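S.K.: can you look at this prediction? I've put the sequence above it.
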Amino acid sequence: MDELISQADAIWPILYNAAKAVVVLVVGWIGVGIIGNAVRRRINNTPQIDPTLGNFIASIVRWVLLLIVFIAVLGIFGIQVTSLVAMLGAATLAIGLALQGTLSDLAAGFMLVLFRPYKIGQYVDIGGTSGTVVDLNLFVTELVTPDNVQIIVPNGQAWGAIITNFSAHDTRRVDMVFGIDYGDNADAAKAVILKLAEADERVMSDPAPWIRVTNLGDSSVDLTLRIWCQAADYWELKFAMTQAVKEAFDAEGISIPYPHSVEIKKDG
């Protein structure tokens, strides 16, 4: 009986500490989430601070607080911070080798925030992967494609890849090519296209619309139109101009040729 009591006395502190650790871990995890979100909202609601930086700082705060919670849990079991540091120091090489990819992503995250090749809300292409940036944290960049597909890019890969930022500048140039038949009047076709471009309010007058004959193809004379607009209007303007030119060509009797084959009959 005494032996059972002694065993119970030995097990009870362990169970008690385990219960305390679980409580601290759960409460700490919830608290870290609340604080992290509060920091994110506070920074993002400050006009002087870019949302990209706000998300990044919130991510740092969250990981620092999680580390504090982890240390507190270890303290419940009697593990001192100094002992933990000594253990980590002895295992530095192994940890470094195991986490070299993660540490690379972490370092790349700081570089991305420092040099700002892209920001939240911008449409970018990162190493062949395109989408709108919705988050940039310590380790990954999150993109969303136009058809609402989530793409996670490790920061290490993002920093080492070619980055094309379609939203970096306020204005963009729209390049469009229209083919007309060899029998049509090129100057008349150019005048029709130029009139449509100048009539659209989204087209900037400076730089002025530019149109030239740029190629003599196998079945068409190619006219290239270059117009400038606000970056946000790029796609809608391009779609609208495509339809408007087609309808205007139909009305003016200007042909838009298409590849076709001609059968040649031989006598005999």
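M.R.: All right, it came through fine.

S.K.: thought residue 119 was touching residue 133?
M.R.: Yes: using CB atoms under 8 Å, residue 119 is in contact with residue 133, at 6.7 Å. All C-beta atoms are positioned from the backbone trio N, CA, C, and that covers glycine.

S.K.: what about these two, which has more around it?
M.R.: residue 133 (24 against 18; other CB atoms under 10 Å).

S.K.: for residue 239, give its distance to residue 233.
M.R.: Look at residue 239 and residue 233: by CB to CB, to the nearest Å, they are 11 Å apart.

S.K.: more neighbours, these two?
M.R.: Applying other CB under 10 Å to residue 239 and residue 233 shows that residue 233 carries more neighbours, namely 18 against 10.

S.K.: for that one, give me its contacts.
M.R.: With contacts defined as CB atoms under 8 Å, 6 or more residues apart in numbering, the neighbours of residue 233 are residue 202.

S.K.: phi, psi of it?
M.R.: Torsion angles at residue 233 (phi, psi; degrees, to the nearest 10) stand at phi -90, psi 0.

S.K.: measure it to residue 125 for me?
M.R.: For residue 233 relative to residue 125 (CB to CB), the value is 20 Å.

S.K.: all helices for the stretch 151-268 of the chain, in order.
M.R.: All helices of the stretch 151-268 of the chain, identified by DSSP state H, counting those that start in this stretch, fall at 155-160, 186-199, 234-252.

S.K.: so where's the protein uncertain?
M.R.: 1-10, 12-13, 44, 47-54, 77-101, 259-268 (pLDDT under 70).

S.K.: try it again at 90.
M.R.: 1-111, 113-116, 136-139, 218-219, 256-268 (pLDDT under 90).

S.K.: what about the strands in it?
M.R.: In the chain, the strands defined using DSSP state E lie at 123-126, 129-136, 140-144, 150-154, 163-165, 171-180, 210-216, 221-230.

S.K.: how close does residue 75 get to residue 23?
M.R.: 14 Å.

S.K.: then residue 135?
M.R.: Distance of residue 135 to residue 23, computed by CB to CB: 31 Å.

S.K.: what's the answer for residue 60, then?
M.R.: 26 Å.

S.K.: what sits against residue 131?
M.R.: Per CB under 8 Å, 6+ apart, neighbours of residue 131: 123-124, 143-146, 149, 151.

S.K.: number of residues surrounding the nearest residue to residue 244 once chain neighbours are set aside?
M.R.: Among residues not flanking residue 244 along the chain, residue 196 sits closest, at 4.9 Å (CB to CB, 6 or more residues apart in numbering). Here the number of neighbours of residue 196 (other CB under 10 Å) works out to 19.

S.K.: ok, now residue 28?
M.R.: Residues lying near residue 28 (other CB under 10 Å) number 17.

S.K.: can you tell me which residues contact it?
M.R.: So residue 28 contacts 65-66, 68-69, 72-73 (CB under 8 Å, 6+ apart).

S.K.: again, 7 Å this time
M.R.: The neighbours of residue 28, taking CB atoms under 7 Å, 6 or more residues apart in numbering as the test, are 69, 72.
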